[in-house]
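>>> I would like to see how this sequence folds:
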Amino acid sequence: MTRLNNAVPFSGLAALLLVVSLSASAAGVHQHGLAQAAVVLEEQNLTVTFRAPLMDILGTTQPPGDAAARVRYAQRLAQITPPVPASRADCKVVSAVQTTVEQLFPEGHNHRHDHENHEAHEHDAHDDHHDEHQDVEAEWSFICQQPDGLNVLFLPFLNTFSSLTTEVVLLLPSGQNAQRLAPGNPRIPLE
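Next comes the predicted model:
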């Protein structure tokens, strides 16, 4: 794990700017095997975001060919489970949002059809999306009754997706920190 410390106090605005800049920079940089996470703790509010290349999560970027494949994709995405904060912090999940199969591959728009004799079907608007790199994203918000007890955070799903190196940006009351988690390492120290 690589660690960078910069003990600079922050505000809610700074936390928001960090998360937005992480999202913007991650949107422009797509590298297989590399995930990004952000952890922001302000007072009792803990927010964790995660982004990884679709290929590293599903093992493919191809649309599901049938209903069984959609189910397999959904099961794989469901393995991205909420982070586990240190128990002594007494944190409870208050919201969780993550990429779904439907968002990645809307039903009724199957690209495995015949591309020769269908002039009525316009492809120009979506052909480029086949060449784009897609990411899976998740965000969890927690309320922590004892935020001073939050000394570690686990991302248990990193054991499942053990080929991912994860770059983590932290904004904590003690300052800013960046870490690089080796593949298979789900533990983020917060001290």
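>>> Distance of residue 81 relative to residue 156?
Between residue 81 and residue 156 the computed distance is 6 Å (CB to CB, to the nearest Å). To be clear about C-beta, it is placed using only N, CA and C from the backbone, and glycine gets the same treatment.
>>> just the helices in the chain please.
12-28, 54-58, 67-78, 101-104, 124-127, 157-160 (DSSP state H).
>>> Contacts made by the third one with the rest, please.
To tie it back to what came earlier, the one meant is helix 67-78. 57, 58, 59, 64, 98, 99, 100, 101, 104, 105, 107, 136 (CB atoms under 8 Å, 6 or more residues apart in numbering).
>>> With the fourth one instead?
The contact list for helix 101-104, computed with CB under 8 Å, 6+ apart, reads 54, 64, 70, 73, 74, 77, 134, 136.
>>> quick one: contacts for residue 107?
For residue 107, counting by CB under 8 Å, 6+ apart, the contacting residues are residue 70.
>>> measure it to residue 64 for me?
9 Å.
>>> If you count neighbours, what's buried in stretch 181-191?
181, 185, 186, 188, 190 (16 or more other CB atoms under 10 Å).
>>> ok, the third one to residue 35 distance?
Computed as CB to CB, the residue 186 to residue 35 distance reads 12 Å.
>>> same deal with residue 190?
18 Å.
>>> same thing with residue 134?
14 Å.
>>> Of the two, which one has the most company?
residue 35 (25 against 17; other CB atoms under 10 Å).
>>> Grab the nearest non-local neighbour of that one.
Spatial nearest neighbour of residue 35, excluding adjacent residues (CB to CB, 6 or more residues apart in numbering): residue 52 at 3.8 Å.
>>> In contact with that neighbour, which residues?
Counting by CB under 8 Å, 6+ apart, residue 52 has contacts 35, 36, 135, 136, 161, 164.
>>> Out of these, flag the one nearest to residue 46.
residue 36 (17.4 Å; CB to CB).
>>> what about the closest one, neighbour count?
Residue 36: 20 neighbours (other CB under 10 Å).
>>> Quick check: bridge partners of it?
Under DSSP bridges, the beta-bridge partners of residue 36 are residue 51, residue 167.
>>> surely residue 64 meets residue 58?
No - using CB atoms under 8 Å as the test, residue 64 is too far from residue 58 to be in contact (9.3 Å).
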